[in-house]
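Visitor: pasted the sequence and its predicted model underneath.
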Amino acid sequence: MGLDELRRQTRQTRYERLLGFVRGVPTPEEILAATEEQEKARLVLSVIVPRQAELLLLRSYGLTYDEVASALDLHPTSVGTLLSRAQQAFRKEYIKRYGRE
């Protein structure tokens, strides 16, 4: 059963890689749209409170709450609340500038 599971995982990984190639390269329009969206996010991050922007960026890089707390010298139990406030501030500023897209 273990060998069958390893084989299944190997096949699945191989097929997922192939599907990645089949999906192809993004079109110029998709690249432009993604670039524009990134610029909007950067602008909003530059406008909100720097501490909130740091929280959002660290969390987007995949850091855990404990890692974020350590990096920003916060208490780990407060990270969730502060992160929620940062997300609300980002959302409010984004909507103010660009509307609901």
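Guide: Arrived safely. Numbers count the residues shown, from 1 in each chain.
Visitor: just give me the longest helix of this protein.
Guide: Scanning the chain for the helix with the most residues, using DSSP state H, yields helix 2-23.
Visitor: what packs against that one?
Guide: Packing contacts for helix 2-23, counted by 3 or more Cβ pairs under 8 Å, 6 or more residues apart in numbering; DSSP states H and E, involve no helix or strand. All C-beta atoms are positioned from the backbone trio N, CA, C, and that covers glycine.
Visitor: how far off centre is that helix?
Guide: Its chain's C-alpha centre lies 25 Å from the corresponding centre of helix 2-23 when counted by Cα atoms, centre = their mean, to the nearest Å.
Visitor: in stretch 91-101, what's buried?
Guide: Judged by neighbour count (16 or more other Cβ atoms under 10 Å), stretch 91-101 contains these buried residues: 93, 94.
Visitor: show residues contacting it.
Guide: Contacting residues not belonging to stretch 91-101 are listed as 40, 41, 43, 44, 47, 48 [Cβ atoms under 8 Å, 6 or more residues apart in numbering].
Visitor: spit out the contact partners of the last one.
Guide: If I follow you right, that is residue 48. The contact partners of residue 48, by Cβ under 8 Å, 6+ apart, come to 86, 89, 90, 93.
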